[in-house]
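Enquirer: Below are the sequence and a predicted model for it; my questions follow.
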Amino acid sequence: MMDSLAMPTVSMPILDSLSSLLVAELGSLMRFMRDGAPHIPAASASVRRLMTELADDTDRRIGELHAMIEDTKEDDRVRAHAIFSLSHGDDVPASEFAYLRSAYSRLDGDKLKEAVFQGMTTDGSAG
């Protein structure tokens, strides 16, 4: 008997893409919430503290993405998604594109290098 509540199957690449887009957008939001944003000084001290913690957490996660990208024992698919997450978003810092440029020569495999190349097409700072 078929379970009427069974979840429909979803293509794994679609799920991966949606997840990567969410990560990129959250990173963009966290960078926007830094102290330099015009609305931050007007927030209460507790709200500013929470926003700072969220932004700091984003920095930690960017470091985790760097570690995934550089981990040669990690599956190339995971590494490629880490590259995508790092390079896509509305407000990716130029430093992340510089990181990807420097990491390119150390990457082993066409799939990873292609992921960097695709990510670099979103770089509006230097092309």
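Expert: Perfect, I can see it now. Numbers count the residues shown, from 1 in each chain.
Enquirer: On the pLDDT front, check residue 2 for me.
Expert: Looking at residue 2, its pLDDT reads 52.
Enquirer: just checking, next helix/strand downstream of the longest helix along the chain?
Expert: Counting residues, the longest helix found in the chain (DSSP state H) is helix 45-70. Counting by DSSP states H and E, the next helix or strand C-terminal to helix 45-70 is helix 76-87.
Enquirer: Whichever helix or strand comes after that following helix: which residues count as buried?
Expert: Moving toward the C-terminus from helix 76-87, the first helix or strand encountered (DSSP H and E) is helix 94-104. Within helix 94-104, the residues that qualify as buried are 96, 97, 99, 100, 103, 104, counting by 16 or more other Cβ atoms under 10 Å. Placement of C-beta: from N, CA and C, glycine included.
Enquirer: Mind telling me what element residue 114 is part of?
Expert: helix 110-120.
Enquirer: ok, now residue 106?
Expert: Going by DSSP H and E, residue 106 is not in any helix or strand.
Enquirer: How many residues are close by the nearest residue to it once chain neighbours are set aside?
Expert: Excluding the flanking residues, the one nearest residue 106 by Cβ to Cβ, 6 or more residues apart in numbering is residue 70, at 7.3 Å. Neighbour count of residue 70, defined by other Cβ atoms under 10 Å: 13.
Enquirer: Thought residue 104 was touching residue 70, still the case?
Expert: No - with contact defined as Cβ atoms under 8 Å, residue 70 does not count as touching residue 104 (11.9 Å).
Enquirer: what residues are up against residue 76?
Expert: 109, 111, 112 (Cβ atoms under 8 Å, 6 or more residues apart in numbering).
Enquirer: gap between the first one and residue 86?
Expert: So that's residue 109. Remark: distance between residue 109 and residue 86 (Cβ to Cβ, to the nearest Å) = 17 Å.
Enquirer: of these two, who's got more company?
Expert: The neighbour count for residue 109 versus residue 86, taken as other Cβ under 10 Å, is higher for residue 86 (27 against 12).
Enquirer: could you list every residue that touches the residue nearest to that one when sequence neighbours are not counted?
Expert: Spatial nearest neighbour of residue 86, excluding adjacent residues (Cβ to Cβ, 6+ apart): residue 65 at 4.9 Å. Residues in contact with residue 65, defined by Cβ under 8 Å, 6+ apart, are 82, 85, 86.
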